[in-house]
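Asks: Please work out how this folds:
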Amino acid sequence: MPWHKRVERWFEATMAAASYTFITRWGALERGYRRPYAKVALRLKFAFYPLLAVAALGWLAWDWHDDRDLAAAEDAIFDTVIGLRPAEPRPSGKVVVVEIDDCSIEFYRNLGQGGWPWSRQRHADLLDALDRSGVGTVGYDIQFIERAQADPAGDMVLEAMAEGGDGRFVFGSARVPAAFANAGNTTPVPEAPNAFALSPQAATPGPGVVLLLPYGKAMQRHSALLDIQRSSDGVLRDVRLRQAFGDWALPSLALQVASQASGKPAASFPASVRVNWREHSRLPYASAADLIEGRPVCGDGPLPALAGTAVLVGYTASGLNDAKPTPVNPATPGVEVHAEAVEALLAGTAIWMPPAGFKYLFAAFLVVFSCFVFWRGEPSWDMDAVFFASNLALLGAAFVGLSLYGVFFDIFAALAFVSLVFGLCRSYAATLRGRAVGNDDYRPQFDPARDRWLAMVRLRFVPHDDDIDRRETKRRVREYRRRLRGWLYRGPRAVAIEGIVEYKHFLYESLMDITVLMWGGPDRETVAATARRELQALCDHLAGHDDVLSDDGSVRVASLVSVAAAQDEPIAQTRARVCSVLGQLLASTDERALSARHTFFPGDVPDEPAGIAPAPLPPG
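Replies: Below is the predicted model of the structure:
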């Protein structure tokens, strides 16, 4: 034999031995935890599913009132989808960002007019330039808390601009934490700038707040809050449009600008908005220096159209520390955040999402439904593929909805949680089934030294009516099999052969209603008594649903008791004997109807023929 053939055979033999050793030891490892699991399942039976449902619902209720981990996971999925979507909404042109960028600051520093902070006169010049450009509304994302000692004239001009704008120019204010409030520095909310009532019967004077307002009276009258609240993970997804204080609320800068630009009252807008964040199609930008100078000094391109637009002014220069992490950019300028919120309100591009509690209610419904389905009986394995395909379809719908329609159903974390519950149900059902069908990972294997006799029963379900359609026949057979599995999973000593042929086999339609039950024991009397007792229990179980299935069909029974293994018999002969007995049972035409008034082995009831003799040994 050539040397390479010897090497090939040696390699194949080594691999086969290694595989056998691994599978044997791995099976021993699995039996080490599966058999104790099966003992627990034998005690819990179907009570596991309502207990799991209660535990899952309890966690959902706790998470809703405490950490909101499910919502946090949903936010992470939203960030992934919005970052990978194939298309983004185009800017409407209704909102423009005017940035005080590095170029604008350096331009005036190079002229010897100082760097940052700018003089109040320069801010007034910027507002004047915007006014002459025909803008509709301006939101100034910069706070002017104190007067400028070095530029009192600029202070007066900026205040005059605010007075002349009559609400078209909105300035930034901030709320001081309540811990700093005292009797002398609080302002009743109804008296705060641009405060509005949340209900027609809003109580006055309302709670007191402490605000950091601009220095000028006109600027104070036309101011709004700059405060931005992030999510628990620090990422800004939803922009809060107002802060509520009892029956009253104070608008944010974005809300006040949108209200002025649209002519709608601030109370008509929602409390917050989820921005349709863009990574590639940003809002139109203009450099502040270009507007002040009336010529391009920080860029070669033309300025965006400003007439009738809502403009947000703020600084984007590096080192000024006004950046917020968003799903598309870890350092989004704060002025762009306000501008995106205004764009969402004016252009109607805000992302629509179900109410915050929808994902929890949806998860709760699916948890209860899944546990109920398994409690009724183990569903088809096709359900796993259907569940997986449904999740993929929903994920695709999320991309399409978010890309084209601005709609996002935040249910994916809920589906992941339900998948966990579904997997636990499937694992538990697999344990029940493994024990019922004699899987030696869950129960001891057939032992010829212990199980010398076998009692076998073939069950076949036959619908009563000959004229029912195929769909109704399948329904009745499916219901019968569900009830039979429910009995098997409750822990009888019977071992079942459920699938005579594989599911979706071309003979499945003909044999799908045939089940073989078997019992082992040391002698004929013991095994027969066990079989009679448990078959009577099966009859009672089926009769507990209907009058012995009188409405849905009839269960036909063929039975056999035989020697399984003779004394000192080799395993090969035992196998042949068991196969022969099983073949006789499957080929038997001596069927009887399952009935509460009859037993299942001839000879147990008066006037019946004598009992069945042991099945003959196979030849040899």
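Asks: rest of the way, CA atoms for contacts and neighbours
Replies: Noted.
Asks: May I have the strands that pair with the strand or helix carrying residue 243, each with its orientation?
Replies: Residue 243 is part of strand 242-245, with elements assigned from DSSP states H and E. Strand partners for strand 242-245, identified by DSSP bridges, are recorded as strand 248-251 (antiparallel).
Asks: by contact count, what packs against the helix or strand just after the strand it pairs with?
Replies: With elements assigned by DSSP H and E, the helix or strand that comes after strand 248-251 is helix 253-262. Counting contacts by 3 or more Cα pairs under 8 Å, 6 or more residues apart in numbering; DSSP states H and E, helix 253-262 packs against strand 137-140, strand 169-175, strand 223-225, strand 310-315, helix 334-347.
Asks: Convert the C-alpha atoms of the strand holding residue 243 to CSV, please.
Replies: This file holds the C-alpha atoms of strand 242-245, laid out as CSV (Å, rounded to 0.1, in the frame of the first residue of the first chain):
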residue,chain,number,x,y,z
ARG,A,242,-40.0,73.2,27.2
GLN,A,243,-39.6,72.9,30.9
ALA,A,244,-42.8,72.4,32.9
PHE,A,245,-43.4,73.9,36.3
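Asks: can you tell me the average pLDDT over it?
Replies: Average pLDDT, strand 242-245: 91.
Asks: hmm, who's touching stretch 268-279?
Replies: Contact with stretch 268-279 is made by 82-83, 88-89, 237-242, 255, 326-329, 340-341, 344, 349-352, 406, as judged by Cα atoms under 8 Å, 6 or more residues apart in numbering.
Asks: what about 7 Å?
Replies: Taking Cα atoms under 7 Å, 6 or more residues apart in numbering as the criterion, the residues outside stretch 268-279 that touch it are 88, 237-242, 328, 340-341, 344, 349-351.
Asks: Any buried residues in it, and which?
Replies: The neighbour-count check on stretch 268-279 (16 or more other Cα atoms under 10 Å) flags 271, 273, 274, 275, 276, 277, 278 as buried.
Asks: wait, which of the helices and strands packed on helix 253-262 is closest to residue 36?
Replies: helix 334-347 (56.9 Å; Cα to Cα).
Asks: distance between the next helix or strand after the closest one and the chain's centre?
Replies: Later in the chain than helix 334-347, the nearest helix or strand by DSSP H and E is helix 358-376. Using Cα atoms, centre = their mean, to the nearest Å, the mean C-alpha position of helix 358-376 is found 12 Å from that of the whole chain.
Asks: before we move on, what about stretch 363-383?
Replies: Put simply, stretch 363-383 sits 16 Å off its chain's centre (Cα atoms, centre = their mean).
Asks: Which positions in that stretch come out as buried?
Replies: Neighbour-count burial for stretch 363-383 [16+ other Cα under 10 Å]: 363, 364, 366, 367, 368, 370, 371, 374, 375, 377, 378.
Asks: any chance of these in CSV, with distance to residue 136 too?
Replies: Below are the buried residues of stretch 363-383 laid out as CSV (distance: Cα to Cα, whole Å):
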residue, distance to residue 136
363, 46
364, 48
366, 50
367, 52
368, 54
370, 55
371, 58
374, 62
375, 63
377, 66
378, 65
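Asks: For residue 478, state which of the residues you listed is nearest.
Replies: residue 377 (10.4 Å).
Asks: So residue 97: helix, strand or coil?
Replies: strand (DSSP: H, G, I helix; E, B strand; the rest coil).
Asks: okay, residue 225: pLDDT?
Replies: 94.
Asks: ok, it - how many residues close by?
Replies: Residue 225 has 27 neighbours, counted by other Cα atoms under 10 Å.
Asks: now, of the helices and strands packed on helix 253-262, which is deepest in the fold?
Replies: Mean neighbour count (mean count of other Cα atoms under 10 Å) peaks for strand 223-225 among the helices and strands packed on helix 253-262, with a mean of 30.
Asks: by contact count, what packs against it?
Replies: Of the remaining helices and strands, those touching strand 223-225 by 3 or more Cα pairs under 7 Å, 6 or more residues apart in numbering; DSSP states H and E are strand 169-175, helix 253-262.
Asks: model confidence over the next helix or strand after the shortest one, on average?
Replies: For strand 169-175, the succeeding helix or strand toward the C-terminus, using DSSP H and E, is strand 187-188. The predicted model gives strand 187-188 an average pLDDT of 86.
Asks: Strand 187-188 pairs with which strands, parallel or anti?
Replies: Sheet pairing of strand 187-188 (DSSP bridges) gives strand 208-209 (antiparallel).
Asks: which helix is the longest one in the protein?
Replies: helix 3-44 (DSSP state H).
Asks: Residue 521 reaches residue 527, doesn't it?
Replies: Yes: in this structure, residue 521 is within contact of residue 527 by Cα atoms under 7 Å, at 4.8 Å.
Asks: Just give me the closest of the contacts of stretch 268-279 to residue 195.
Replies: Checking the contacts of stretch 268-279 one by one against residue 195 (Cα to Cα), the nearest turns out to be residue 242, at 9.6 Å.
Asks: Dump the helices and strands packed on helix 253-262 into JSON lines; add distance to residue 19 as well.
Replies: Formatted as JSON lines, these follow (distance: least, Cα to Cα, whole Å):
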{"stretch": "strand 137-140", "distance to residue 19": "72"}
{"stretch": "strand 169-175", "distance to residue 19": "70"}
{"stretch": "strand 223-225", "distance to residue 19": "70"}
{"stretch": "strand 310-315", "distance to residue 19": "67"}
{"stretch": "helix 334-347", "distance to residue 19": "60"}
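Asks: The ones you listed: which one's closest to residue 5?
Replies: Nearest to residue 5 among those is helix 334-347; the distance by Cα to Cα comes to 72.0 Å.
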